[in-house]
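Enquirer: heads up, no residue letters with this:
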Ligand code: 13P
Ligand code: SF4
């Protein structure tokens, strides 16, 4: 198995080397100088020297292949700042996916994000550089689980986080993301709402919502690791530090934070408030991406990595563009009901 994967990677590398100039060179540095200027505070020059030939090749190939790169805020800075056309949180990426004019979408993020793009653009080609990029939330629940919850709470609307498979979206009434969850829940008819699959997001929303929320107990492997004690230790070690947290964190962590929001909400908060020092209680790469644009802010970096997000690299983005792999498909029977659940979310968000 490992040998097979290694052989595939070696073959891909050899083919890419035959087609593109991937040697470290002064020319590649010159051609990417404007992009490096954006990230020089977070990427050391020797690292950028290795990235530059890939960044150059990807940006050229995108035009030739009529492709657009959508990147989540958790991508590493050489992807986020170097090759993405649109970067954002799950909601922004879903909305942008409905607007892109290119025929091919390269989704730099995890599989459920690529599925969402396909659901919203069934006629386009959606590629993910590594289809093994999953999500602990998406893999925690099935459509059969949703049906069981419906049976337990008859009449309650099912609000599913976008961090779900197309099958689960299709079994839900409406989707939500971390940036609109409260508004979506409040917009549902009835006193009780079923929220899946993130138990912490549901509890954090329940603390603000007027409705009763029953929920599935899935968790994000990155955010569930943070503790309130750890946040208090940051405050003690860095007096005056601002602490901002993602709502996938446990309730006591969110309660300890100064602000809670989606990844885009957290970025906006830092850009608007310009704290002298901040801790972003979320996946590691985000601090690097924001630090590149806010040199006046000092970032204390707790480092919890999402192993799924980190499967995406410049190398496999180039291979994906070059070879047209790995194509994301959604079974026909889920396309229409899943699109309805996502479109409803976009409509409520826009209203
Ligand atoms: P955002 O929608 O806030 O970007 O969150 C998506 C995600 O997977 C966070 O772990
Ligand atoms: Fe899933 Fe958490 Fe990784 Fe986001 S950070 S993709 S929620 S496992």
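Expert: That came through, no problem. What you are looking at is a predicted structure, and each value in this text was computed from that prediction instead of being measured. Ligands and ions are numbered 1, 2, ... in the order given.

Enquirer: going forward, measure contacts and count neighbours with C-alpha atoms only.
Expert: Will do.

Enquirer: can you tell me how far residue 14 sits from residue 22?
Expert: Residue 14 is 11 Å from residue 22, where distance means C-alpha to C-alpha, to the nearest Å.

Enquirer: Same drill for these two, tell me which one is more crowded.
Expert: residue 22 (19 against 11; other C-alpha atoms under 10 Å).

Enquirer: Surely that one is within a helix?
Expert: No: counting by DSSP: H, G, I helix; E, B strand; the rest coil, residue 22 is not part of a helix but coil.

Enquirer: and it, what pLDDT?
Expert: If you check residue 22, the pLDDT there is 97.

Enquirer: now do the one 10 residues further on
Expert: According to the predicted model, the pLDDT of residue 32 comes to 98.

Enquirer: Kindly report the same for residue 3.
Expert: On the pLDDT scale, residue 3 gets 57.

Enquirer: Number the chain from 41, please
Expert: Done: numbering now begins at 41, and the last item shifts to residue 43.

Enquirer: Name the SS class of the nearest residue to residue 182 once chain neighbours are set aside, please.
Expert: The shortest distance from residue 182 to any non-neighbouring residue, by C-alpha to C-alpha, 6 or more residues apart in numbering, is to residue 208 (5.9 Å). Three-state assignment for residue 208 (three-state DSSP): helix.

Enquirer: got it, and the one 10 residues further on?
Expert: Under three-state DSSP, the three-state class of residue 218 is coil.

Enquirer: who's in contact with it?
Expert: 201, 241, 287, 288, 301, 302 (C-alpha atoms under 8 Å, 6 or more residues apart in numbering).

Enquirer: Out of those residues, which comes closest to ligand 1?
Expert: Comparing those against ligand 1 with C-alpha to the nearest ligand atom picks out residue 302 as the nearest, at 3.4 Å.

Enquirer: ok, the residue of the stretch 291-391 of the chain found nearest ligand 2 - contacts?
Expert: Closest residue of the stretch 291-391 of the chain to ligand 2, C-alpha to the nearest ligand atom: residue 346 (4.6 Å). For residue 346, the contacting residues are 261, 262, 323, by C-alpha under 8 Å, 6+ apart.

Enquirer: quick one: contacts for the second one?
Expert: Residue 262 makes contact with 322, 323, 344, 345, 346 under the criterion C-alpha under 8 Å, 6+ apart.

Enquirer: Close to ligand 1: what parts of the stretch 291-391 of the chain are there?
Expert: The stretch 291-391 of the chain comes close to ligand 1 at residues 302, 303, as judged by C-alpha under 6 Å from any ligand atom.

Enquirer: what about the strands in the stretch 291-391 of the chain?
Expert: Ranges of strands in the stretch 291-391 of the chain, per DSSP state E, counting those that start in this stretch, are 299-300, 317-321, 338-340.

Enquirer: Just say which of the ones you listed is most tucked in.
Expert: Comparing these by mean neighbour count (mean count of other C-alpha atoms under 10 Å), strand 317-321 ranks first with a mean of 23.

Enquirer: For the stretch 91-240 of the chain, what lies in contact range of ligand 2?
Expert: So far as C-alpha under 6 Å from any ligand atom goes, the stretch 91-240 of the chain lies against ligand 2 at 150, 175, 176, 177.

Enquirer: Using a markdown table, lay out these together with pLDDT and secondary structure.
Expert: As requested, those are exported to a markdown table (pLDDT from 0 to 100; DSSP: H, G, I helix; E, B strand; the rest coil):
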| residue | pLDDT | secondary structure |
| --- | --- | --- |
| 150 | 98 | coil |
| 175 | 98 | coil |
| 176 | 98 | coil |
| 177 | 98 | coil |
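
Enquirer: and which of these is nearest ligand 2?
Expert: residue 175 (3.7 Å).

Enquirer: Touching, that closest one and residue 348? I think so.
Expert: Yes: assessed by C-alpha atoms under 8 Å, residue 175 is found in contact with residue 348 at 6.6 Å.

Enquirer: So between these two, which is more surrounded?
Expert: residue 175 (21 against 17).
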